[in-house]
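S.K.: need a 3D model of the following:
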Amino acid sequence: MPQALPIIRGLNPTRAQVPVTWTDSVRASDFVWRLVSSQRHRHPEDDEAAVAERFAHGAVVTDKGVPLGADDLLRPGTWINFYRRPAPERPVPGELTVLHQDSNIVVVDKPPFLATLPRGQHITETALTKARVALNNPELSPSHRLDRLTSGVLMFTASRAVRGAYQTMFDRRIPQKTYEAITPLVGGAPYAPLPEFSDWTQWEPPTEENPWRLEHCMVKIQGRLSTFLTDEPPNAVTLVTALKEEERVVGRQPDGSPLCRKVLVWTLKPLTGKTHQLRVALRSLGLPLINDPLYSEVTDKALTTPNGELPRPVFAEDEDFNHPLGLVAKILEFDDPLTGEPRRFTSLR
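M.R.: I've put the predicted structure just below:
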């Protein structure tokens, strides 16, 4: 990133290229306005005057950090760098708590409803942006991801120099992740287990030494909200190492008081990383996660074929923050790839 550009609210600049297929040069201000005006979720005040102000302050630069003038001509293939201005976002409640920080890594406890990375309509209300701002470190980068609705342990690298070592470790699935999930009691959800799991309530209680092994073949099609299951060889494996009945806080009443109910509390260790793996695995037992806005509504047909009707997602501005998904990334464990030190981080949620 060009050092001439200041960090704006923890965001990276946009690096854009004048299309090589264009036959003529283009004025720099016209090109930037073309990019800004076509941006989804653009701030209403990011107009042509705001684009001109960027040039006046030297905030549109080449890859070498050289400021561009509004009337400079850009040839096809030229790269420029500038900051977009996202639309205002609904604040996500809850604190992004730092569990650990050193020169190599930062580990946080992420609240639910907060995306890991800027994407779509979630830009500033993301764990990465908030962490960069709070810790004044623009080089923070997530080593892995948590779904936006999932809370718990999330790790960032603290500098570019160490990013590859930790991201490679996660790519190779070396760290052990332990999740805590909560579901309704047996009989408390409107679904029966899928046929292959019809007798799961008769199994011996799971333990660390003798866990249940839930195997599925999960398929996620681009553009389709939910994952579905097929009869192909398994590509998703989840271990259940503990299961107990407890009374838990599962949300908040409209007045802010806790909403409690008896639930099943599951300890899960995924051996693979398929989209929505844990949510689908428990839904296959007939027990979708508490407050799961998708799999609590998905029919068996939609769970086992690509053709079933899916529920419509709630728009971000209409989400009910009083009812978080019952899934926490509870523990993250690994041997540090740079120091060899055993690492273990536990969510406080």
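
S.K.: drop to CA atoms for contacts and neighbour counts, all remaining ones
M.R.: OK.

S.K.: mind jotting down where the strands sit in the stretch 51-200 of the chain?
M.R.: For the stretch 51-200 of the chain, the strands defined by DSSP state E, counting those that start in this stretch occupy 73-74, 79-82, 97-101, 105-110, 141-142, 151-157, 176-183.

S.K.: just for the chain, where's the confidence low?
M.R.: 1-9 (pLDDT under 70).

S.K.: for the longest strand along it, enumerate the helices and strands it packs against.
M.R.: The longest strand of the chain (DSSP state E) is strand 236-252. Contacts defined by 3 or more C-alpha pairs under 8 Å, 6 or more residues apart in numbering; DSSP states H and E place strand 236-252 against strand 212-219, strand 258-270, helix 277-284.

S.K.: please export the C-alpha coordinates of the last one as PDB.
M.R.: Taking C-alpha atoms only, helix 277-284 is exported to PDB below (Å, rounded to 0.1, in the frame of the first residue of the first chain):
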ATOM      1  CA  GLN A 277     -20.600 -27.400   8.700                       C
ATOM      2  CA  LEU A 278     -21.600 -27.400  12.300                       C
ATOM      3  CA  ARG A 279     -25.000 -25.800  11.700                       C
ATOM      4  CA  VAL A 280     -25.800 -28.500   9.100                       C
ATOM      5  CA  ALA A 281     -24.400 -31.400  11.100                       C
ATOM      6  CA  LEU A 282     -26.800 -30.600  14.000                       C
ATOM      7  CA  ARG A 283     -29.700 -29.800  11.800                       C
ATOM      8  CA  SER A 284     -29.200 -33.300  10.300                       C
END
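
S.K.: with just CA atoms, put the following helix or strand past that helix into CSV.
M.R.: Using DSSP states H and E, the helix or strand that follows helix 277-284 in sequence is helix 300-304. Written as CSV, here are the backbone C-alpha positions of helix 300-304 (Å, rounded to 0.1, in the frame of the first residue of the first chain):
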residue,chain,number,x,y,z
ASP,A,300,-35.6,-31.6,4.9
LYS,A,301,-36.0,-31.2,1.1
ALA,A,302,-33.9,-28.1,1.1
LEU,A,303,-31.4,-29.8,3.4
THR,A,304,-31.0,-32.9,1.2
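
S.K.: buried residues of the helix or strand following helix 300-304, list them for me.
M.R.: For helix 300-304, the following helix or strand on the C-terminal side (DSSP H and E) is strand 327-335. Residues 327-332, 334 are the ones in strand 327-335 that count as buried (16 or more other C-alpha atoms under 10 Å).

S.K.: just checking, what packs against the helix or strand that strand 327-335 is followed by?
M.R.: Using DSSP H and E, the helix or strand that follows strand 327-335 towards the C-terminus is strand 342-346. On a contact count with 3+ C-alpha pairs under 8 Å, 6+ apart, strand 342-346 meets strand 327-335.

S.K.: show me what contacts residue 270?
M.R.: Contacts of residue 270 were listed using C-alpha atoms under 8 Å, 6 or more residues apart in numbering, and they are 177-178, 237-239, 277-278.

S.K.: residue 263: which of the strands of the stretch 51-200 of the chain is closest?
M.R.: Nearest of the strands of the stretch 51-200 of the chain to residue 263, taken as C-alpha to C-alpha: strand 176-183 at 5.8 Å.

S.K.: neighbours of the closest residue to residue 47 other than its chain neighbours, just the number please.
M.R.: Nearest in space to residue 47, with sequence neighbours left out and distances taken as C-alpha to C-alpha, 6 or more residues apart in numbering, is residue 37 at 7.5 Å. Counted with other C-alpha atoms under 10 Å, residues neighbouring residue 37 total 13.
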